[in-house]
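A.B. asks: I need the structure of the sequence given here:
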Amino acid sequence: MLTVAEAQAAILAAAKKTDKVETVSLLQAKGRVLAENIEATVAVPPCDNSAMDGYAVYAADCESAKILPVAGVVYAGAVPGSLQAGTAQRIFTGAPVPAGADAVIIQEDVCREENAIALNAACSVKAGDNIRRAGEDIAVGDVLFRAGHCLRAVDIGLLASVGIQHVRVTAMLRVGLLCTGDELLEPGQPAQAGKIYNSNRYLLTAMLQDLGWEIVDAGIVKDDLQATTDALQRLANEYDVIISTGGVSVGDADYVKQAVQQSGQLEVWKIAVKPGKPLAFGRVGQIPFFGLPGNPVSAFVTFMLFVRPYLQSMQGSQPRELRRCPVQAGFDWPRPGKREEYLRVALRYESNALVAVALPNQGSGVLSSVCRADALLRVPVNTIFAVGDTMECLLLD
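C.D. replies: Below you'll find the predicted structure:
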């Protein structure tokens, strides 16, 4: 069996970045991957402006005079005139600083007396006080984001702040999602003896949506070699990637591996990971194929470790690994394993330390434990540990 690192390297090496791009509006851009660098064509702020409600002044005037006449008002969005020496102008947050002013006194530091202000005795004014300088956030020509960046909500806000309305992004790629197994029922169907509801379809669809992929549901195929082969060949003619669940182990009714080998090439199979050993990766014709285990926890873990980075690479994005952090073990692990194991754990703070506590049922069919987990605790091959030992976690949120 391949180690987890060997399998990840082999799978990522096979990823080919798509050359399909499209233009979308900012309102449609969340989660999309940029196809080109984006440079600022305007500065933010575009001019010196006030950081507070108060009074625009020339700082040197405040050294010789504690009372200044108020000679005007500057609102946000206005074009102010010049500040005359020895005077102040009322100014509001975000309003342009008038020429001649080099500081803003906050309104709490003065007393207003009809058409003048009196500075409080403790008020000290220095040039630059409460002024946001033009371009201090973004200068013209700054590279805001580089090609391959996956846009978040705050990124979209930043692009809007420099007047950008549309962006060039990797086209939304299409994945054909196929579930296998005679035992599967769809939610909404009456429960039947010996049958289980198809959770993998909904789990994987949601995770693929988070990556910005278009998901096409190819339905359920029965445990039959010819039916499986036909379904895979049909998907290879229409989609950018094929993902199946179930049928990749070594049981008598597991036909996915055989079907892939008949229609293409199997490049990775059997990885020293728990849960998820029978992950399959290869090609159906020329189309990348992932065969995930049928147990939902195994499907989840293998998707996060192997499929997600591959799909991000296809989109032209740098694969974003789950964040890793050190934790203290809150339980003993006395039995070394032959496979790298990923345990579902809850995290809590105890005595200023982050402690990982194993959820009670680690079975590969217990999806509820993933819902309650904060992280996956990584246990290397042939490793034991005890309460208090430092281990590594992969954060799920």
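
A.B. asks: in stretch 183-192, what's buried?
C.D. replies: E183, L184 (16 or more other CB atoms under 10 Å). (C-beta placed from N, C-alpha, C; glycine too.)

A.B. asks: Going by residue numbers, what spans are helices in this protein?
C.D. replies: Using DSSP state H, the helices found in the chain span residues 4-13, 61-64, 153-161, 199-210, 225-236, 256-263, 296-302, 308-314, 367-372.

A.B. asks: Pick the most buried one from those helices.
C.D. replies: The highest average neighbour count among those, using mean count of other CB atoms under 10 Å, belongs to helix 296-302 at a mean of 25.

A.B. asks: picking up where we left off before, out of the helices of the chain, nearest to E22?
C.D. replies: helix 308-314 (15.2 Å; CB to CB).

A.B. asks: what about the closest one, average pLDDT?
C.D. replies: For helix 308-314, mean pLDDT is 95.

A.B. asks: which residues are in contact with that helix?
C.D. replies: Applying CB atoms under 8 Å, 6 or more residues apart in numbering, the contact partners of helix 308-314 are 8, 11-12, 14-18, 33, 150, 173, 175, 207-208, 211, 213, 240-241, 288, 290, 318-321.

A.B. asks: Now with 10 Å, please.
C.D. replies: 8, 11-18, 33, 148, 150, 170, 173, 175, 207-208, 210-213, 240-241, 243, 281, 288, 290, 302-303, 317-322 (CB atoms under 10 Å, 6 or more residues apart in numbering).

A.B. asks: quick one on the thing from earlier: of all the helices of the chain, which one is nearest Y75?
C.D. replies: helix 153-161 (20.0 Å).

A.B. asks: helices or strands up against the closest one?
C.D. replies: Secondary-structure packing of helix 153-161 (3 or more CB pairs under 10 Å, 6 or more residues apart in numbering; DSSP states H and E): strand 38-39, strand 143-145, strand 166-170.

A.B. asks: Which residue, other than its chain neighbours, is closest to R90?
C.D. replies: V73 (4.3 Å; CB to CB, 6 or more residues apart in numbering).

A.B. asks: Likewise for W269?
C.D. replies: Per CB to CB, 6+ apart, closest to W269 is A280, 4.9 Å.

A.B. asks: Surely the one you found and Y255 touch.
C.D. replies: No - if you go by CB atoms under 10 Å, A280 and Y255 don't touch, sitting 11.7 Å apart.

A.B. asks: Pull up the overlap in contacts between those two.
C.D. replies: G247, V248.

A.B. asks: domain assignment for the chain?
C.D. replies: Domain assignment for the chain, taken from automatic domain parsing, gives 4-19+171-314, 21-44+139-170, 49-132, 324-395.

A.B. asks: most neighbours per residue, which of the ones you listed?
C.D. replies: For the domains of the chain, the highest mean count by mean count of other CB under 10 Å goes to domain 4-19+171-314, at a mean of 19.

A.B. asks: Show me how far that domain is from its chain's centre.
C.D. replies: 22 Å (CA atoms, centre = their mean, to the nearest Å).

A.B. asks: What pairs with the longest strand seen in the chain, parallel or antiparallel?
C.D. replies: Criterion DSSP state E: the longest strand present in the chain is strand 340-350. Using DSSP bridges, the strands paired with strand 340-350 are strand 273-274 (parallel), strand 353-358 (antiparallel), strand 375-379 (antiparallel).

A.B. asks: The spatially closest residue to T302 that is not a sequence neighbour and A227: what is the separation?
C.D. replies: Nearest in space to T302, with sequence neighbours left out and distances taken as CB to CB, 6+ apart, is G276 at 4.0 Å. Noted for G276: a distance of 25 Å to A227, by CB to CB, to the nearest Å.

A.B. asks: How about the contacts made by the closest residue to V357 other than its chain neighbours?
C.D. replies: Nearest residue to V357, sequence neighbours excluded (CB to CB, 6+ apart): G330, at 4.2 Å. Under the criterion of CB under 10 Å, 6+ apart, the neighbours of G330 are 345-348, 350, 353-358, 377, 387-388, 391.

A.B. asks: May I have the predicted confidence score for the closest residue to A56 other than its chain neighbours?
C.D. replies: Leaving out its chain neighbours, the residue that sits closest to A56 by CB to CB, 6+ apart is A101, at 3.9 Å. On pLDDT, A101 comes in at 96.

A.B. asks: ok, A101 - contacts?
C.D. replies: 48, 50, 55-59, 61, 74, 80, 82-83, 87-89, 91, 127, 131.

A.B. asks: Filter the contacts of helix 308-314 down to the ones in strands?
C.D. replies: Reading strands off the contacts of helix 308-314 with DSSP E, I get T170, V175, V241, I243, F281, P288, F290.

A.B. asks: Now for these: which two are most distant?
C.D. replies: T170 and F281 (21.5 Å).

A.B. asks: list the contacts for the closest residue in space to S244 that isn't next to it in sequence?
C.D. replies: What sits nearest to S244 in space, not counting adjacent residues and going by CB to CB, 6+ apart, is L178, at 4.3 Å. By CB under 10 Å, 6+ apart, the contact list for L178 reads 201, 216-221, 228, 231-232, 234-235, 242-247, 256, 289, 291.

A.B. asks: hang on, the earlier thing: the residue nearest to W269 and G54: what is the separation?
C.D. replies: 66 Å.

A.B. asks: so what's S249 scoring on pLDDT?
C.D. replies: 67.

A.B. asks: R372 now?
C.D. replies: pLDDT at R372 comes out at 94.

A.B. asks: That one reaches R344, doesn't it?
C.D. replies: Yes - here R372 reaches R344: they are 7.5 Å apart, a contact under CB under 10 Å.

A.B. asks: overlap in contacts of these two?
C.D. replies: With CB under 10 Å, 6+ apart as the test, R372 and R344 both reach L359, P360, V366.
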